[in-house]
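1. Generate coordinates for the sequence data below:
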Amino acid sequence: MKNQPAFFILSMSYRGFTLSPEGWLIFKPFLVKFVSLVSPMPSKSVPEPILIPIERVTAPVSISPTDLRQTRIDEFLQARSLSPNSQKAYRQDLNHFLRWTQTSWAAVTARQVAQFKGYLLRKDPQTGKRVLADSSVCRILGTLKNFYGWLLKTRYVTEDPTVSVELPKLSEPDAQNLPSEQVEQILTAASATSLPERNLALVSVLLHGLRASEAVNLNLEDYDGQRLFIRQAKADSKGIVPLAPQTRSRLNAYLTWRQQQGHAIEPTSPLFVSESRRNWGKRLSYDGIRKVVETIEQQTGLSIHAHQFRHTFATNLVLQGMNPYHVMTLTRHRSTASFRRYTKAADQAAAETAFYETVEPNNSMSI
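-> Coordinates of the predicted model:
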């Protein structure tokens, strides 16, 4: 062992042999050198950190599953042939449900729909009156039922939770027709507005049974001097509406005046245009008709809306003895049930006439 080289003695020590004093003397310098090499360097002072500004990265916002409900409504409206106003009405009806619950369409239960119906039928705690009329509740629930029918067909849901919920029973509505003396007041007021030519022609056309949305969509090419061609209408109820001589005269006078004002007179030009500074020459809007009616209300003191002109047209024709089927053709009603309101007044008048014709000549009833 005494003559073994140092590395051999270290090797043996590594393997657990006890070093002899001679071996230790040989190995000690190497150990000291090794320790000096692996010993840590003297600590140095740590410099102050330098803050480097970086651009803030915003994490993408995750979309909640309930937010997809509006996407389904968009798809539903795109799949149907609806006018812009009908699309707006459908969306408003469905938004009642969206505001009431955050549940996804597929997770809605029949119990929730029944509870929603109860919510729609609620009363104002202060007045004790219903917040929504039965007709509004029926319309909202009907829209929800139609929507779920579509969801089921497109397989977005596996069952329809609205099937077991019944719509409120509605009484048969009456026609909101205007008496002839009020119609005369309205026409006189239209002639006294700041735009008598346009407003008188507009009211006269509306009194031929057109919806406000149909009137604003008319172009010059839709008027042939005798009748109007309805090409854009609610529920695709297109048709032809003949005009009375006085209405044709008013409409022709308006078009002549309009040309004198420098408006474009082209086949595709709107039939009724705005005269405001902002929208001069552009198509008269639905809101524009509402403002005309409000002006007439202020002048006459009457409480009216544009759709009453349509009611008046249909009711008067039936009262004057025109075949209800022909009246339906002119008003372009698809449902006899919805048209029934216009025949009620005529039926009542006919029943009274028949009563007096039967009773008075013979005085056959003693009451």
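2. for the chain, what's the longest helix?
-> Ranked by residue count under DSSP state H, the longest helix found in the chain is helix 336-359.
3. which strands and helices sit next to that helix?
-> Under the contact definition 3 or more C-beta pairs under 8 Å, 6 or more residues apart in numbering; DSSP states H and E, helix 336-359 sits against helix 307-319, helix 324-331. Every C-beta, even on glycine, is put in place using the N, C-alpha and C of the backbone.
4. Could I get the full set of helices for the stretch 101-250 of the chain?
-> 110-120, 134-153, 180-191, 196-206, 212-216, 245-260 (DSSP state H, counting those that start in this stretch).
5. can I get these in TSV with mean neighbour count?
-> Listed next are the helices of the stretch 101-250 of the chain as TSV, based on neighbours: other C-beta atoms under 10 Å:
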stretch	mean neighbour count
helix 110-120	16
helix 134-153	17
helix 180-191	16
helix 196-206	23
helix 212-216	22
helix 245-260	16
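6. Columns distance to residue 336 and mean pLDDT on top of those helices, output as JSON lines?
-> Below are these laid out as JSON lines (distance: least, C-beta to C-beta, whole Å; pLDDT from 0 to 100):
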{"stretch": "helix 110-120", "distance to residue 336": "28", "mean pLDDT": "95"}
{"stretch": "helix 134-153", "distance to residue 336": "18", "mean pLDDT": "94"}
{"stretch": "helix 180-191", "distance to residue 336": "26", "mean pLDDT": "95"}
{"stretch": "helix 196-206", "distance to residue 336": "24", "mean pLDDT": "97"}
{"stretch": "helix 212-216", "distance to residue 336": "21", "mean pLDDT": "92"}
{"stretch": "helix 245-260", "distance to residue 336": "27", "mean pLDDT": "96"}
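7. Can you lay out these as a markdown table showing distance to residue 227?
-> Shown next, in a markdown table, are the helices of the stretch 101-250 of the chain (distance: least, C-beta to C-beta, whole Å):
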| stretch | distance to residue 227 |
| --- | --- |
| helix 110-120 | 43 |
| helix 134-153 | 33 |
| helix 180-191 | 21 |
| helix 196-206 | 11 |
| helix 212-216 | 14 |
| helix 245-260 | 9 |
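8. for the record, mean pLDDT for stretch 282-302?
-> Mean per-residue pLDDT for stretch 282-302: 95.
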